[in-house]
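*Asks:* Sequence and predicted model, in that order:
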Amino acid sequence: CIFAFSLVGVHARLEGLPAGDNMPGAVALAFGTLPYLLMTVVMIMAAGSTLDSTFASVAKSIGQEVPMLVGQKPGPRAMVIGMWTMIIFALLGNIPMIAGTDILKATTISGTMVMGLAPVFLLAPLVKYSPWSFHLAFWPGVLLGVLLATGAIPKSWAIGDGKYALLLGVNFYGLAICIAGFLIPVAWQQLHGRR
């Protein structure tokens, strides 16, 4: 899905469409009004489903699971606490957008932070049981995402010279680091198992 979505930019470049902040919208509009309308509906549905699952999980975490972590049963107000949590997260989550940040920047940083999950899901059949494989794959991705967000990644990591060259480099090299982190415990298991 992400690969297919990236082809939107490729198509825009091939067609000579002007670069802008809403490239998917510009490409869909170039095909006509109906494709633009369909693309808008798809994007709204995707955003809605993402928000729904995000709000539901944060509400359950705060209203139900946090009390259980401290050894208490969730009380009858767990649902009310969950609803207020959703409202607070909705308001706080929009502050960066009101401040004028780049929408794509928020999604790319979060995508970078979870890149360590790719080897966890794709290479899981190689591992019997290895918490280290998860940790050595997941946490480097989170760290690289934080470093990218704070501007601490050196420019030497950039691949190419475009606006997103550093992002591409961080994701390319970061994914290699995450895959290596996942496979090191697997290799250790195989070497240790042969002795």
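*Replies:* It's in. Remember, predicted model here, so these are calculated numbers, not experimental data. Numbering: from 1, shown residues only.

*Asks:* contacts and neighbour counts: CA atoms only from here.
*Replies:* Will do.

*Asks:* I'd like the mean pLDDT over the helix or strand harbouring Val10, please.
*Replies:* Remark: Val10 resides in helix 2-15, with elements defined by DSSP states H and E. Averaging pLDDT along helix 2-15 yields 77.

*Asks:* Next, the buried residues of it.
*Replies:* By neighbour count on 16 or more other Cα atoms under 10 Å, the buried set for helix 2-15 is 8-9, 12.

*Asks:* Which of these sits closest to Gly145?
*Replies:* Gly9 (22.9 Å; Cα to Cα).

*Asks:* Can you check what pLDDT the model gives the closest residue to the closest one other than its chain neighbours?
*Replies:* Leaving aside its sequence neighbours, Gly9 sits nearest to Met23 (Cα to Cα, 6 or more residues apart in numbering; 6.7 Å). Reported pLDDT at Met23 in the predicted model: 76.

*Asks:* Start and end of stretch 138-158, how far apart?
*Replies:* 22 Å (Cα to Cα, to the nearest Å).

*Asks:* Show me what counts as buried in that stretch.
*Replies:* For stretch 138-158, the neighbour count (16+ other Cα under 10 Å) marks 138-142, 144-149, 153, 157-158 as buried.

*Asks:* Among these, which lie within helices?
*Replies:* Counting by DSSP state H, the buried residues of stretch 138-158 place 138-142, 144-149 in helices.

*Asks:* Regarding Lys73, what is its secondary structure?
*Replies:* coil (DSSP: H, G, I helix; E, B strand; the rest coil).
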